[in-house]
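Asker: Structure here, sequence nowhere to be found:
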């Protein structure tokens, strides 16, 4: 009895059992993990739907009007592009407080009389270069200073705002380049969608691809999740940090250009408190402030939620103070909900 | 009976961590808790500490049934727990850490002098009167931090102290001191629940042993001093123990060394060192914590910049202080602190394994995730990762399997020199044997291995050649078979060359 038993049933069961049993598992598991992320996104989508319902009930004619929906998307686009960049920085374990100030500086610099002489191309190049330049300074200070990101970008916030005020002398600089202004009018819409929104869409898609499908994205998550382990695994942690701030600066440059198109002007007060809005949107989208985890889709949904709320409040003639209180409550609620989910 | 836990059951999503577990502790005894990682020891002591709530079961304390809804409730009863990962605040002083949460204060004003005096008194009682209570804890050694943790436990009226692997970070003489403290405590009637992987420690201080396996009690009431090792291991693993270190043919000494260190040194850490690692050879570094072992490994790896000397691979010098250069030349490091230095705990095993080889799976930065997953899986399969599901987050794996993920990372990179720093720390007995086999096989396949371990049997059993370190200096080099534990211990502590 014994020898046969050893060779057949009991020997076979504990041997290959544990190895083969989870075999079909691995294919299922990732989907569960993905499903959990989707759940977080779904709850944000749920909030959005709820907001739309509220809008449809309180102001049925105005809220669901195509022009209003377009307005919401357009408003979301500028802060949305900034948020994509900030999301990368936060996932990579940093923070960028200077985004609003960079947007202001880039928009002012690109709308000076001297820059406007170069036309659309010159203005676009100017916004992007100013954004990249500020990002470069941030990145160098954080990665090679090394300085705490909070302090380095706080310093950039102050300096960039100051420089923006100096360049513009506190005056609104009106854009007179037609090619730029044309991008904001209805004639330029593609299938009814403003170019500004298309840019946001493109930045979102590219951001998602970079984060999820490239070595750059993988390294961002690694550096944010455990910088020491990343360093010992042979990853160039400092370079990665520098690149992340460059990316954030670039997004600010793009956003500045969108803002110029949207308002037809450049002002040193542009982008006021964008840093807080962007961080808040990323956080309610599920990005961990401590780094190592986050999604672009979540951030985009976060931006849409905030923008829709702002729109709803405006339509219902509620003051900004009430809006701010509601925003704060939403941030707290979202984080509490996610906390429950992460620990369970 | 001081404490009786009976029928404790605790379920986490998907796992029954504790299944009807009983534990009883008498006053003044050292009750040892043995079990592999994942056997439920941590969960059980967390229940006892009030950090976890059991689904069912009863706890009786000094004859009265009690509930432990919070850590404070456990503390009030006189149950103190010293966790493996010490929960100290690095920037705060020794005294502040000891009285954290129950500060010596009058009407909310902290009385620093009084706190420092009481701290000094407690430290003195622990045989460490030399520690200044005003020192920030971050400046203490691992042993010092351990003592502070112990003093914190004693700053309460304790009747029972739970120690989770207290000796893991300690040197032999510090372990002796720890045992002396345990002896003093038990003489005062304080009971100790002692968790350790080291059977020889359990023999030295234990009274009774309980063995946990897969959340159940596999054995209880075993006499700690007399139960044969094989029996204990068999209860823990559910199978009979075999010798972990079979004989193995010596590597050919003629092969050209892959890695050479010439006069490599770091001021204040270790003195000039010459080292040759040949393919297929396992070289052991024996020495106390703080003898420069980890520093040597990290300097070879480029994580620290040498103050003198250089490292060559295949005769070509590496850029000093450059990890990238070392990794490119085929060196891999499995660092001492797996969780904080090697792994991205939130990420899957696959992503941890591929971390150092990302360019291989990408074109212009674009990742081919199916090739990445396939390659990672081949290596985790090869190392018998269990459960065999590399898409699961690495934090859900046991210590031994996490270590396999780290090894798989370097195998995937095609690494030729493996630097292993305490590869079996926090790894249970059964999984250790598995890791030993893996390390052996890698060497047989031609990888050079440099092994650092606090466990002498491991170094002597695995290595072909052993370098004995003392205070940053190699005091002896010999084939492992010519050494035994006593001799190495003598060398390590005395440093006498003969």
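Answerer: Cool, the structure landed. For clarity, every value in this text was computed on a predicted model and none was experimentally measured.
Asker: all strands in the stretch 151-300 of chain A, in order from the N-terminus.
Answerer: Counting by DSSP state E, counting those that start in this stretch, one finds strands in the stretch 151-300 of chain A at the ranges A:173-174, A:265-266.
Asker: most tightly surrounded among the ones you listed?
Answerer: Among those, strand A:265-266 has the highest mean neighbour count (mean count of other C-beta atoms under 10 Å in any protein chain shown), at a mean of 24. For every residue, glycine as well, the C-beta is placed using N, CA and C.
Asker: Which secondary structure elements does it sit against?
Answerer: For strand A:265-266, the packing partners by 3 or more C-beta pairs under 8 Å, 6 or more residues apart in numbering or on different chains; DSSP states H and E come out as helix A:99-110, strand A:173-174.
Asker: Give me the contacts around that strand.
Answerer: Outside strand A:265-266, the residues within contact range by C-beta atoms under 8 Å, 6 or more residues apart in numbering or on different chains are A:107-112, A:168, A:172-175, A:259-260.
Asker: show me the contacts for the residue in the stretch 51-200 of chain B positioned nearest to chain A.
Answerer: Closest residue of the stretch 51-200 of chain B to chain A, C-beta to the nearest C-beta: residue B:52 (13.0 Å). Counting by C-beta under 8 Å, 6+ apart, residue B:52 touches B:10, B:43, B:46.
Asker: which of those has the weakest pLDDT?
Answerer: Comparing pLDDT over the contacts of residue B:52, the lowest score belongs to residue B:43 (88).
Asker: Settle this for me: residue B:166 is touching residue B:143, isn't it.
Answerer: No - at 10.0 Å, residue B:166 and residue B:143 do not qualify as touching, with contact defined as C-beta atoms under 8 Å.
Asker: mind showing which ranges of the chain have poor pLDDT?
Answerer: Here I'm looking at chain A. Judged by pLDDT under 70, chain A has its weakly predicted residues at A:1-38, A:338-344.
Asker: ah, no, chain B please
Answerer: By pLDDT under 70, the weakly predicted segments of chain B are B:13-15, B:37-38, B:85-86, B:238-244, B:246-247, B:249-253, B:494-498.
Asker: Name the residue closest to the centre of it, please.
Answerer: In chain B, the residue lying closest to the centroid (C-alpha atoms, centre = their mean) is residue B:425, at 3.2 Å.
Asker: Now do the phi/psi pair for residue A:333.
Answerer: phi -60, psi -50 (degrees, to the nearest 10).
Asker: Burial check on it, number of neighbours?
Answerer: Residue A:333: 12 surrounding residues under other C-beta atoms under 10 Å in any protein chain shown.
Asker: what about burial for the contacts of strand A:265-266, which qualify?
Answerer: Neighbour counting with 16 or more other C-beta atoms under 10 Å in any protein chain shown marks A:107-111, A:168, A:173, A:175, A:259-260 as buried within the contacts of strand A:265-266.
Asker: for residue A:95, helix, strand, or coil?
Answerer: Three-state assignment for residue A:95 (DSSP: H, G, I helix; E, B strand; the rest coil): coil.
Asker: dump the residue contacts of it.
Answerer: So residue A:95 contacts A:89, A:149-150, A:153, A:279, A:289 (C-beta under 8 Å, 6+ apart).
Asker: Give me every residue in chain B lying close to chain A.
Answerer: B:13, B:301, B:303, B:323-324, B:326-327, B:333, B:335, B:340-348, B:351, B:355-356, B:358-359, B:362, B:365-367, B:369, B:377, B:384, B:386-392, B:409 (C-beta under 8 Å from any C-beta of the partner chain).
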